[in-house]
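Enquirer: this is the structure alone, sequence omitted:
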């Protein structure tokens with residue numbers, strides 16, 4: 001088997017990856033449909049639509065900011081396979097409810113906001129368990145490859161999902177009911193992951209011993225990160241890129257409708273073009289041998305911010321669509337390097353809590369950034385959502401490097417001591 005796909009030789013991981021492709025495709029279909037639903041409910045005012053999109057996105061990611069530390073503790077204390085079945089079922093039920101409200105025509109903006117928050121609650125507890133569960137399926141030697149393949153699966157779905165969603169919505173009349181059908185399809189897609197988890201051979205999993213109950217367990221995770229300049233550098237860089245730069249779901253909707261005057265099909269296609277680059281970055285990450293360096297996180301993050309600024313200056317829709325793959329490539333290179341660095345260099349007993357902090361900073365900043373980006377779009381125009389987001393991402397990454405001077409030497413180091421210790425422990429097991 002090619003080194004790019006070597007983790008797929010493990011049966012449990014194959015099941016997980018297959019279920020993930022189905023579910024992730026549905027998730028990306030819902031993201032496009034949900035944004036289009038918000039635009040349909042606020043079609044009278046461009047400024048109002050911009051703010052509503054920002055609020056919806058912010059509410060969906062707010063639970064990650066609020067509950068991630070506790071979610072990480074739950075992931076370290078509870079069997080991850082069981083926890084993932086519960087979180088997937090919750091997100092599926094929320095999606096089915098939103099779809100039903102839209103299909104029946106009774107949906108109102110406050111319902112979308114409420115259910116976006118409810119969906120985010122499931123995602124907040126799902127993320128650290130899902131991230132740290134990978135090591136229980138594949139082990140240390142194949143972890144970097146599996147992380148890359150997870151991103152490839154996610155972005156393969158991103159190639160298919162937005163275009164399929166835009167096509168279906170347009171084919172069904174582009175109305176509110178059409179978005180509801182697509183959202184309901186996503187609700188059913190979570191059955192694929194639940195089924196894959198239930199079909200796994202538990203004897204072939206290598207679960208980490210549950211963290212013992214005690215006081216200050218969340219603080220233990222925070223103290224661990226505070227002692228690690230390499231982790232602080234990666235987390236801070238991820239925070240700025242995630243908070244200000246990774247709002248493409250919203251910014252592309254504003255650019256497609258307000259700047260280029262396009263419909264749901266063209267908007268969905270932008271998600272696909274972005275995903276082509278993201279999928280390429282994910283597969284390159286899966287092929288990469290050895291542990292990524294924090295330097296790769298920094299360089300890819302700066303490239304991401306620069307390309308995002310360039311996107312904001314594109315003169316037309318075709319030029320915009322042609323540049324988006326470069327944005328996806330740089331972003332996924334950064335995220336894969338950050339994810340793998342954090343997982344491989346963290347003590348196994350703290351991995352759930354540390355990954356929760358990582359997700360809180362990378363994704364949990366969206367409730368802060370998305371409304372701000374929406375306000376920028378309403379006040380200064382959609383182009384400035386990209387120009388400002390890219391500039392803030394670059395500034396934050398450079399600030400992270402400047403603040404953590406001890407991390408500069410780590411940028412030139414292939415491995416860190418904790419990562420080597422983790423590898424030795426895995427080999428001994």
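Expert: Perfect, thanks for sending it. Quick caveat: nothing in here was measured; it's all calculated off a predicted structure.
Enquirer: now do the same contact list for the spatially most central residue of the chain.
Expert: With distances taken as Cα atoms, centre = their mean, residue 363 lies nearest the centre of the chain, 6.7 Å away. Residue 363 is in contact with 61, 64, 127, 242, counting by Cβ atoms under 8 Å, 6 or more residues apart in numbering. Heads up, the C-betas are built off the backbone N, CA and C, glycines and all.
Enquirer: which one (most neighbours) among those residues?
Expert: residue 61 (30 neighbours; other Cβ atoms under 10 Å).
Enquirer: count of neighbours near residue 93?
Expert: Residue 93, neighbours per other Cβ under 10 Å, totals 15.
Enquirer: now do the SS call for it.
Expert: helix (DSSP: H, G, I helix; E, B strand; the rest coil).
Enquirer: quick check: closest non-adjacent residue to it.
Expert: residue 187 (7.1 Å; Cβ to Cβ, 6 or more residues apart in numbering).
Enquirer: and the one you found, what element?
Expert: helix 176-199 (DSSP states H and E).
Enquirer: now do that helix: distance to the chain's middle.
Expert: Distance of helix 176-199 from its chain centroid, counting by Cα atoms, centre = their mean, to the nearest Å, is 18 Å.
Enquirer: next secondary structure after it?
Expert: Downstream of helix 176-199, the first helix or strand assigned by DSSP H and E is helix 217-226.
Enquirer: which elements pack onto that next one?
Expert: In terms of contacts (3 or more Cβ pairs under 8 Å, 6 or more residues apart in numbering; DSSP states H and E), helix 217-226 is packed against helix 46-77, helix 229-240, helix 351-362.
Enquirer: any idea of the angle the first one forms with helix 217-226?
Expert: Regarding helix 46-77 and helix 217-226, their directions subtend 100 degrees when assessed with axes from the mean of the first three to the mean of the last three Cα atoms, to 10 degrees.
Enquirer: and what of the second one?
Expert: For helix 229-240 against helix 217-226, the angle by the same axes, to 10 degrees is 100 degrees.
Enquirer: point out the other helices and strands that helix 229-240 packs with.
Expert: helix 217-226, helix 294-312, helix 317-344, helix 351-362, helix 383-403, helix 407-410.
Enquirer: with respect to burial, which of those helices scores highest?
Expert: Neighbour counts (mean count of other Cβ atoms under 10 Å) averaged over each of these peak at helix 351-362, with a mean of 27.
Enquirer: where does the stretch 301-429 of the chain dip in pLDDT?
Expert: 364-367, 405-429 (pLDDT under 70).
Enquirer: can you pull the pLDDT of residue 145?
Expert: Confidence at residue 145, expressed as pLDDT, is 79.
Enquirer: excluding covalently adjacent residues, which one is nearest to it?
Expert: The spatially closest residue to residue 145, leaving aside those adjacent along the chain, is residue 7, at 4.6 Å (Cβ to Cβ, 6+ apart).
Enquirer: who touches the one you found in this structure?
Expert: Residue 7 neighbours (Cβ under 8 Å, 6+ apart): 13, 138, 142, 145-146, 149.
Enquirer: gap between residue 321 and residue 355?
Expert: Applying Cβ to Cβ, to the nearest Å, the value for residue 321 to residue 355 is 34 Å.
Enquirer: again, but for residue 302
Expert: 24 Å.
Enquirer: and if you look at residue 332?
Expert: Using Cβ to Cβ, residue 332 is found at 18 Å from residue 355.
Enquirer: ok, now residue 25?
Expert: The separation that residue 25 has from residue 355, given Cβ to Cβ, amounts to 24 Å.
Enquirer: pLDDT weak spots in the stretch 151-300 of the chain?
Expert: 155, 159, 208-216, 249, 285-292.
Enquirer: which of the contacts of residue 7 has the largest number of neighbours?
Expert: residue 149 leads the contacts of residue 7 on contacts (other Cβ under 10 Å) with 27 neighbours.
Enquirer: how far does whichever strand or helix holds that one sit from its chain's centre?
Expert: Per DSSP H and E, residue 149 falls inside helix 143-171. Averaging C-alpha positions (Cα atoms, centre = their mean) puts helix 143-171 12 Å from its chain's average.
Enquirer: that helix vs helix 176-199, what angle?
Expert: 150 degrees.
Enquirer: can you pull the buried residues of helix 143-171?
Expert: Within helix 143-171, the residues scored as buried using 16 or more other Cβ atoms under 10 Å are 143-166, 168-170.
Enquirer: tell me what it is packed against?
Expert: With contacts defined as 3+ Cβ pairs under 8 Å, 6+ apart, helix 143-171 has these neighbours: helix 11-41, helix 109-138, helix 176-199, helix 264-287, helix 317-344.
Enquirer: now render those as JSON lines, adding distance to residue 56.
Expert: Shown next, in JSON lines, are these (distance: least, Cβ to Cβ, whole Å):
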{"stretch": "helix 11-41", "distance to residue 56": "5"}
{"stretch": "helix 109-138", "distance to residue 56": "5"}
{"stretch": "helix 176-199", "distance to residue 56": "13"}
{"stretch": "helix 264-287", "distance to residue 56": "15"}
{"stretch": "helix 317-344", "distance to residue 56": "21"}
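Enquirer: which among those is found nearest to residue 298?
Expert: helix 317-344 (8.5 Å; Cβ to Cβ).
Enquirer: and that closest one, how far out from the chain middle?
Expert: For helix 317-344, the distance from its own C-alpha centre to the chain's C-alpha centre is 11 Å (Cα atoms, centre = their mean).
Enquirer: which elements pack onto that helix?
Expert: Counting by 3+ Cβ pairs under 8 Å, 6+ apart, helix 317-344 packs on helix 109-138, helix 143-171, helix 229-240, helix 264-287, helix 294-312, helix 351-362, helix 417-428.
Enquirer: please redo it, this time with the cut-off set to 7 Å
Expert: helix 143-171, helix 229-240, helix 264-287, helix 294-312, helix 351-362 (3 or more Cβ pairs under 7 Å, 6 or more residues apart in numbering; DSSP states H and E).
Enquirer: I'd like the distance from the third one to the chain centre, please.
Expert: What it means is helix 264-287. 13 Å.
Enquirer: does residue 314 count as helix, strand or coil?
Expert: coil.
Enquirer: mind listing what it touches?
Expert: 320, 323 (Cβ atoms under 7 Å, 6 or more residues apart in numbering).
Enquirer: before I go, just wanted to say thanks for your time.
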